[in-house]
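S.K.: Got a predicted structure plus its sequence, pasted below:
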Amino acid sequence: MKSNEKNKKLNIVFISVISIIIVAIIILLAVAVSSSLKPDTETSTSPSADSSGDEEEDIFDANDVISREDPVIMTVDMFPVYFSEFNYFYYISASEVIAELDYSEDSTQEEIEALIKDLIANGKDGKSFEEIIFERAKTYSSKYAVYKDSYISEGYLLNETYQLYLMSNFMTAENREELDEINQELLEKYGVVRNEYINILVYNDAISSYRQILIDNAEYSDEELKKTYDDMKDQFSYIGVRMIMLGSEDEQLAEQLKKQLDSGYDSEQLVMEYSVSPSKDSNKGLLEGNIDDFADEEIKNWLKTAKLNESVIVKRDDYIYIAKYENDGSFENRKEEVKEYKAVYDFDTDIDRKIESGEIEILMDEEVVKKLELPLFLKDYAE
């Protein structure tokens with residue numbers, strides 16, 4: 001039973017990793033690259049006319065590829081997983097295992113560092129730290145390979161436009177020093193260099209596309225979806241409230257917008273047109289969670305008795321909020337999300353079954369496995 005629960009948690013984590021990983025990493029790299037990105041300037045790729053020719057010019061190409069050995073570390077039904085790909089999931093797994101350590105908000109930095117050092121030195125549950133992250137990385141890499149294989153074998157094409165965007169715009173550098181800085185940061189945090197990382201992002205994009213194909217093609221009865229909803233009720237029963245934020249002087253506009261909300265007007269459109277919230281572009285004004293998760297006491301108390309699609313105006317010193325109760329977390333209001341989850345979860349679970357039964361054969365190259373090292377971002381914690 002505990003094994004099943006563990007597999008279920010790993011499946012949920014893998015679904016989340018593939019869905020959100022691009023967004024989380026793009027935010028990180030945008031910050032890292034922004035300091036080095038400069039306006040485009042004209043550069044010459046040939047020596048000037050008056051050059052004596054005595055010195056060779058070092059021509060820099062922002063799309064230069066760093067060539068390094070990238071052997072196959074494992075095969076999944078003969079489909080290769082390269083060292084860079086496995087190492088990437090090895091680093092991700094290490095980050096996750098560290099994040100799962102038992103510490104609280106009140107823990108000091110020294111206490112947290114002590115926990116990390118102890119885990120790296122002594123492992124957990126009879127396994128070394130390296131064994132723990134290796135097994136998790138192997139699980140992620142296996143599913144990654146099956147998704148890649150399925151996507152390619154069914155004739156879908158990689159998004160070349162996205163690949164060119166990454167290469168030409170997102171991760172550009174104006175000189176080799178900046179490119180080296182980008183590569184060093186990627187090596188420290190993800191164990192890969194720029195071109196390897198771009199390949200992984202492109203395949204993750206393909207995996208996201210394939211997941212959407214699975215969702216679109218999935219057919220379930222209401223009874224099947226309801227069972228999944230009931231089994232995972234804590235995950236799906238959260239509520240949704242749409243918030244429009246106005247200035248404190250906009251009382252008349254607030255009354256007008258409330259009437260529009262109550263009459264069924266598109267709340268997301270109203271948010272984008274009128275809300276002054278700085279986060280509206282990312283969340284469209286939608287806040288989700290349990291009732292107790294809402295910080296504003298007046299809204300929290302209102303939600304305890306509010307009916308679905310009701311709205312309320314809440315006035316504060318600096319702002320006015322119009323809140324609409326849009327989703328009560330019921331099965332009917334979460335059915336599409338349950339379908340999305342179940343389609344991917346069933347595919348992942350089938351991969352687990354095939355691996356355990358030997359229907360999918362996984363072979364590791366033990367010599368290449370020996371090349372794995374403790375992630376660079378944890379070196380300082382190793383004694």
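M.R.: Arrived safely.
S.K.: can I assume L214 sits in a helix?
M.R.: Yes - judged by DSSP: H, G, I helix; E, B strand; the rest coil, L214 forms part of a helix.
S.K.: mind giving me the domain split of the protein?
M.R.: For the chain, automatic domain parsing gives the domain ranges 2-36+60-219+343-374, 238-328.
S.K.: can you redo the ones you listed as a markdown table with distance to R334, mean neighbour count and mean pLDDT?
M.R.: In this view, the C-beta of every residue, glycine as well, is placed from N, C-alpha and C. Shown next, in a markdown table, are the domains of the chain (distance: least, CB to CB, whole Å; neighbours: other CB atoms under 10 Å; pLDDT from 0 to 100):
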| stretch | distance to R334 | mean neighbour count | mean pLDDT |
| --- | --- | --- | --- |
| domain 2-36+60-219+343-374 | 14 | 16 | 84 |
| domain 238-328 | 7 | 15 | 93 |
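S.K.: mind putting the ones you listed in JSON lines, distance to D231 included?
M.R.: Putting these into JSON lines (distance: least, CB to CB, whole Å) gives the following:
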{"stretch": "domain 2-36+60-219+343-374", "distance to D231": "10"}
{"stretch": "domain 238-328", "distance to D231": "16"}
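S.K.: what secondary structure does M74 sit in?
M.R.: Applying three-state DSSP: M74 is strand.
S.K.: show me where the stretch 201-350 of the chain has strands.
M.R.: Ranges of strands in the stretch 201-350 of the chain, per DSSP state E, counting those that start in this stretch, are 239-247, 286-289, 311-315, 319-327.
S.K.: Given the third one, what are its sheet partners and their directions?
M.R.: Meaning strand 311-315. strand 319-327 (antiparallel) (DSSP bridges).
S.K.: now the partner strand and strand 239-247, what's the angle there?
M.R.: 160 degrees (axes from the mean of the first three to the mean of the last three CA atoms, to 10 degrees).
S.K.: could I have strand 319-327 exported to CSV, CA atoms only?
M.R.: Provided in CSV are the C-alpha atoms of strand 319-327 (Å, rounded to 0.1, in the frame of the first residue of the first chain):
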residue,chain,number,x,y,z
TYR,A,319,-8.3,50.0,-2.8
ILE,A,320,-11.8,48.6,-3.6
TYR,A,321,-12.2,44.9,-4.4
ILE,A,322,-15.0,43.3,-6.3
ALA,A,323,-14.9,39.6,-5.6
LYS,A,324,-16.9,37.0,-7.5
TYR,A,325,-17.3,33.4,-6.2
GLU,A,326,-16.7,31.5,-9.5
ASN,A,327,-15.9,27.9,-8.5
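S.K.: same for the host helix or strand of A121, what does it pack against?
M.R.: Here A121, judged by DSSP states H and E, is contained in helix 109-122. When contacts are defined as 3 or more CB pairs under 8 Å, 6 or more residues apart in numbering; DSSP states H and E, helix 109-122 packs onto helix 83-99, helix 129-153.
S.K.: Could you list every helix and strand in contact with the first one?
M.R.: It refers to helix 83-99. Using 3+ CB pairs under 8 Å, 6+ apart: helix 83-99 touches helix 2-34, strand 72-76, helix 109-122, helix 129-153, helix 176-190, helix 194-217.
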